[in-house]
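Trainee: Give me a 3D structure for the following:
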Amino acid sequence: MMHETSPEVVTKLFTRADGTYQFARWGRPIAPVAFGVENSTVSILKGAIEAVCRLAKHEMAETDPELGSNFMVFFVRDWQELADTPNLDRLIPELGPLVGRLKSADANQYRLFRFDEAGGIKACFVFLRMDTALSELPADTLCLGQAVQSILLWSDAAFATSSPLALTGDNVAILKPDVANVIRAAYDPVMPVAADDASHALRMAARVGALLVAGASDAT
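Mentor: Numbers count the residues shown, from 1 in each chain. Sure thing, here's the model as predicted:
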């Protein structure tokens with residue numbers, strides 16, 4: 001759990017396992033679609049994405065002019081279902097090797113991003129294998145968690161040991177305030193859409209501080 005939003009904390013959030021710093025936010029409105037679930041879950045998912053976009057002051061759209069839908073969430077019981085989905089390999093050419101890696105790792109989730117010329121996120125594919133662990137999560141908790149982890153290109157280890165969500169006394173999942181502050185800072189218009197230098201973390205931490213000060217001033 002993060003107790004402060006220092007440059008060191010931000011650096012860890014966007015430093016990948018191979019040691020590279022890589023940050024990106026969405027560079028276009030998000031147009032989501034989901035496969036493999038009932039309409040009620042689709043509505044919950046879109047509501048979660050809308051809530052996170054509202055926090056980031058980022059737009060949603062019904063369709064993306066280039067891709068139709070640019071945020072696709074696939075719910076499956078087994079990874080082989082992805083390989084068996086007609087024409088999915090046209091959309092995701094690396095699908096075959098990816099399915100093999102997911103099987104070998106016994107993974108239950110994976111996010112694949114595509115980027116535009118400026119380095120911003122232009123598409124995200126979320127794959128969820130509904131094993132026991134994911135199936136036991138309430139739909140709103142699962143969907144909010146996926147929306148949060150897809151709104152930015154976080155490090156692959158950012159939430160490996162600590163969820164970005166917390167539970168209220170009524171067992172309702174909410175976004176942790178420190179994670180929310182990072183998302184708000186990341187989408188501030190003064191910040192770049194993408195960065196690969198760790199000095200970006202200094203600017204992010206400073207922006208979080210500025211937003212907190214502004215919020216405190218607004219509350220008085």
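Trainee: Alpha carbons of the longest strand along the chain, as CSV, please.
Mentor: Longest strand of the chain, by residue count under DSSP state E: strand 121-129. C-alpha atoms of strand 121-129 as CSV (Å, rounded to 0.1, in the frame of the first residue of the first chain):
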residue,chain,number,x,y,z
ILE,A,121,-2.5,4.5,-25.6
LYS,A,122,-4.8,4.0,-28.6
ALA,A,123,-6.1,0.5,-27.7
CYS,A,124,-6.2,-2.0,-24.8
PHE,A,125,-7.1,-5.6,-24.9
VAL,A,126,-8.0,-7.1,-21.5
PHE,A,127,-8.1,-10.9,-21.1
LEU,A,128,-9.7,-12.5,-18.0
ARG,A,129,-9.7,-16.2,-17.3
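Trainee: Would you mind listing the buried residues in the worst-scoring helix or strand of the chain on mean pLDDT?
Mentor: Here the helix or strand of the chain ranked lowest by mean pLDDT, DSSP states H and E is helix 199-219, holding a mean of 81. Neighbour-count burial for helix 199-219, with 16 or more other C-beta atoms under 10 Å as criterion, is recorded at 200-201, 203-205, 207-208, 211. Where you see a C-beta, it was placed from the backbone N, CA and C, and this is true even at glycine.
Trainee: possible to save those as a markdown table with distance to A31?
Mentor: Shown next, in a markdown table, are the buried residues of helix 199-219 (distance: C-beta to C-beta, whole Å):
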| residue | distance to A31 |
| --- | --- |
| H200 | 27 |
| A201 | 30 |
| R203 | 29 |
| M204 | 27 |
| A205 | 31 |
| R207 | 27 |
| V208 | 28 |
| L211 | 27 |
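Trainee: Can you report how many residues lie near D170?
Mentor: By the measure other C-beta atoms under 10 Å, the count of residues near D170 is 5.
Trainee: How about the one 4 residues further on?
Mentor: By the measure other C-beta under 10 Å, the count of residues near I174 is 12.
Trainee: Backbone torsions only: list them for it.
Mentor: Backbone torsions for I174, taken as degrees, to the nearest 10, come to phi -130, psi 160.
Trainee: Contact partners for it?
Mentor: 165-168 (C-beta atoms under 8 Å, 6 or more residues apart in numbering).
Trainee: just to revisit the earlier point, helices or strands next to the least confident helix or strand of the chain in the packing?
Mentor: helix 7-13, helix 177-186 (3 or more C-beta pairs under 8 Å, 6 or more residues apart in numbering; DSSP states H and E).
Trainee: of all the ones you listed, which gets the most neighbours per residue?
Mentor: Of all those, helix 177-186 carries the top mean neighbour count, a mean of 21, counting by mean count of other C-beta atoms under 10 Å.
Trainee: Would you mind checking the average pLDDT for that one?
Mentor: Average pLDDT, helix 177-186: 95.
Trainee: Give me the packing partners of the helix or strand following it, helices and strands only.
Mentor: Per DSSP states H and E, the first helix or strand lying C-terminal to helix 177-186 is strand 194-195. Other elements packing on strand 194-195 under the criterion 3+ C-beta pairs under 8 Å, 6+ apart are strand 23-24.
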